[in-house]
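In: Below: sequence and its predicted model.
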Amino acid sequence: MSQTPSSPPAVRAPALAVLFAVVFINLVGFGLVVPLLPFFAQSLKAEAWQITLMFSAYSLGQFFAEPFWGRLSDRVGRKPVLLATLVANALGYLMLAFVPNIWLAVAVRLFTGLGAGNISTVQGYVADVTPPEQRAGRMGLIGAAFGLGFIVGPGLGGLLTQPQLGRLGYQLPIFLAAALAALAAIGVMVFLRESRAKADPSAARPAFLAGLKDAQTDPVVSRVLVVTLIYMAGFSAMESVFGLWSESRYAWGAREVGLSFMIVGVISVLNQGFLAGRLARRFGEARVLATGMLLFGASLVLQVLAPVEWFPAARLELGGLSLPVVQGWVVPIIMAVGACGMSLAMPNISAMISRASPPDRQGAMLGLNMASSSVARIFGPMVAGGLFSGLGHDWPFLIGALLTVPAAVMALNAGRVIRKVDDGVKAPA
């Protein structure tokens, strides 16, 4: 039976499960190494700015790889691209486990980021095999895989890390990430059939970062892209130095860091699923976005202000019982506040861009938003490493918090423009 654009090929349930697993494994693999990366890098005698450079290198690889793999999958098919990226992931994690110095570790992280940029290919496969009326639901599954991966990855990475074993104790989670990528590659080979008909070589291809000029002149999209840039830079900065910060302040290790990020993932998934949409319908996307920015900024300040020791003896006497107390236990609670803010921000940013863009430019504008997020993840950790080493451990948090104020103002201004357009008033350029 021939494949036509109007009649997507039949898709088997195992194929969708494999696609879900590909996205899930990408995020689990990323999340597995997040809590241990600073401590693993310290075993290589790395400085703080070099450690944060490992985070930036991964995001730099994703920035260039995502559009490249997406365009390549349009030409040669989805299945070979998925296989290539998963094999690259597995090799990247294995190489990371055995790197002898920090500079090779940075190079390996760049390579792994190049292999991780396959989300657009997964989305393309889902669109290929799904009737239009079912695409929203199946794309939602891909989003669920994102959230679930970021819940499982950091927690599992923290639990598997065994510092008492030396370097091997940091290699164990990395080996698991490599094994999961290899397992997903086997699933692609066994369960996935090619979904893409051969592309017309004469068809025009969209340029890299297509629509940038239109975005710059749009009073809503331009502001919202800056909001994305600011809040994602703040989060990636915090993420990259959090292990070093919590180690110096509370003597935490990879386990405590991993469980803290797992809490962030849980709160984000719950808020996006049950709260963000209801609040936006009641108060408007712009107000909810601005509130999310300020909540996130407040959480960064509260982390700095949190007492170093609530119980100096590290034990709590309660009813004749002597209970051990984890120093810094309030920090995950504060991080949950920040996660609430971020989870309110992300869906409303997409909604505002969609409302402000014509149907034939929505894809390009949303793609630019992803590019803005990637740029923030490249430069946020770099700046954080310099601030951490040069000015002090708390400065990456304080600068990130300060930047959320203009981000909130921009969100409110973008909301005013949208309301004027809705009211039939010509929006200012």
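Out: Sure thing, it's come through.
In: Need the three-state assignment for Phe39.
Out: Secondary structure state of Phe39, per DSSP: H, G, I helix; E, B strand; the rest coil, is helix.
In: Touching, it and Gly157? I think so.
Out: No. Applying Cβ atoms under 8 Å as the test, Phe39 and Gly157 come out as separate, 10.7 Å apart. The way it works is simple: take the backbone N, C-alpha and C, and place the C-beta from them, glycine included.
In: Who has more neighbours out of those two?
Out: Gly157 (32 against 20; other Cβ atoms under 10 Å).
In: which residues touch that one?
Out: Gly157 is in contact with 31-36, 173, 254, 258, counting by Cβ atoms under 8 Å, 6 or more residues apart in numbering.
In: Tell me which helix or strand comes right after the helix or strand of the chain with the lowest mean pLDDT.
Out: Lowest by mean pLDDT, DSSP states H and E among the helices and strands of the chain is strand 321-324, with a mean of 43. As assigned by DSSP states H and E, the chain's next helix or strand after strand 321-324 is helix 330-356.
In: what ranges of the stretch 251-400 of the chain fall below the confidence cut-off?
Out: Applying pLDDT under 70 to the stretch 251-400 of the chain flags residues 308-328, 358-364, 366-367.
In: Name the member of the contacts of Gly157 with the most neighbours.
Out: Tallying neighbours with other Cβ under 10 Å puts Pro35 at the head of those, with 33 neighbours.
In: before we move on, what SS does that one have?
Out: Going by three-state DSSP: Pro35 is coil.
In: cool, Lys45 as well?
Out: At Lys45 the chain is in coil, as set by three-state DSSP.
In: From Ser240, how far out is it?
Out: Lys45 sits 18 Å away from Ser240, going by Cβ to Cβ, to the nearest Å.
In: quick one: Arg255 and Leu300, what's the gap?
Out: Here the criterion is Cβ to Cβ. By it, Arg255 lies 23 Å from Leu300.
In: shared neighbours, Phe39 and Gly157?
Out: Common contact partners of Phe39 and Gly157 (Cβ under 8 Å, 6+ apart): Ala254.
In: In the stretch 201-350 of the chain, mark out all the strands, start to finish.
Out: Ranges of strands within the stretch 201-350 of the chain are 315-318, 321-324, based on DSSP state E, counting those that start in this stretch.
In: residues in contact with Leu403?
Out: Neighbour list for Leu403: 230, 233-234, 297 [criterion: Cβ under 8 Å, 6+ apart].
In: same thing but at 10 Å, please
Out: Residues near Leu403 by Cβ atoms under 10 Å, 6 or more residues apart in numbering: 229-231, 233-234, 237, 293, 297, 300.
In: Just flag the most distant two among those.
Out: Leu229 and Leu300 (16.5 Å; Cβ to Cβ).
In: So between those two, which is more surrounded?
Out: The residue with more neighbours, out of Leu229 and Leu300, is Leu300; 27 against 20, by other Cβ under 10 Å.
In: Would you agree the more buried one is in contact with Val331?
Out: No. The criterion here is Cβ atoms under 10 Å, and Leu300 misses it with Val331 at 11.4 Å.
In: Let me see the domain layout of this protein.
Out: Using automatic domain parsing, the domain ranges for the chain come out as 12-196, 208-307+328-423.
In: how about the nearest residue to Met54, chain neighbours excluded?
Out: Using Cβ to Cβ, 6 or more residues apart in numbering and skipping the chain neighbours, the partner closest in space to Met54 is Arg109 (4.8 Å).
In: who's more crowded, Lys45 and Ser240?
Out: In this view Lys45 and Ser240 are compared by other Cβ under 10 Å, and Ser240 has more residues nearby, 30 against 9.
In: Distance of the more buried one relative to Arg278?
Out: 33 Å.
In: same question, Gly385
Out: For Gly385, the distance to Arg278 - Cβ to Cβ - is 39 Å.
In: So these two - more neighbours on which side?
Out: Gly385 (25 against 10).
In: got the contact list for the more buried one?
Out: 47-56, 237, 240-241, 244, 396.
In: cutoff 6 Å now
Out: By Cβ atoms under 6 Å, 6 or more residues apart in numbering, Gly385 lies in contact with 48-49, 52.
In: Out of these, give me the one that has the most neighbours.
Out: For the contacts of Gly385, the largest number of neighbours (other Cβ under 10 Å) sits with Thr52, at 31 neighbours.
In: so what pLDDT did the residue lying closest to Leu53 once chain neighbours are set aside get?
Out: Distances taken as Cβ to Cβ, 6+ apart place Val106 nearest to Leu53, at 5.5 Å, with adjacent residues excluded. What the model reports as pLDDT for Val106 is 92.
In: wait, Val106 sits on Thr52?
Out: No. Using Cβ atoms under 6 Å as the test, Val106 is too far from Thr52 to be in contact (10.3 Å).
In: about what we covered before: for the contacts of Gly157, work out which two are farthest apart.
Out: Going by Cβ to Cβ, the pair spanning the contacts of Gly157 furthest: Gly31 and Ala254, at 12.1 Å.
In: Dump the contacts of Gly157 into TSV; add distance to Val266 as well.
Out: Listed next are these as TSV, based on distance: Cβ to Cβ, whole Å:
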residue	distance to Val266
Gly31	12
Leu32	17
Val33	19
Val34	15
Pro35	15
Leu36	20
Pro173	19
Ala254	19
Gly258	13
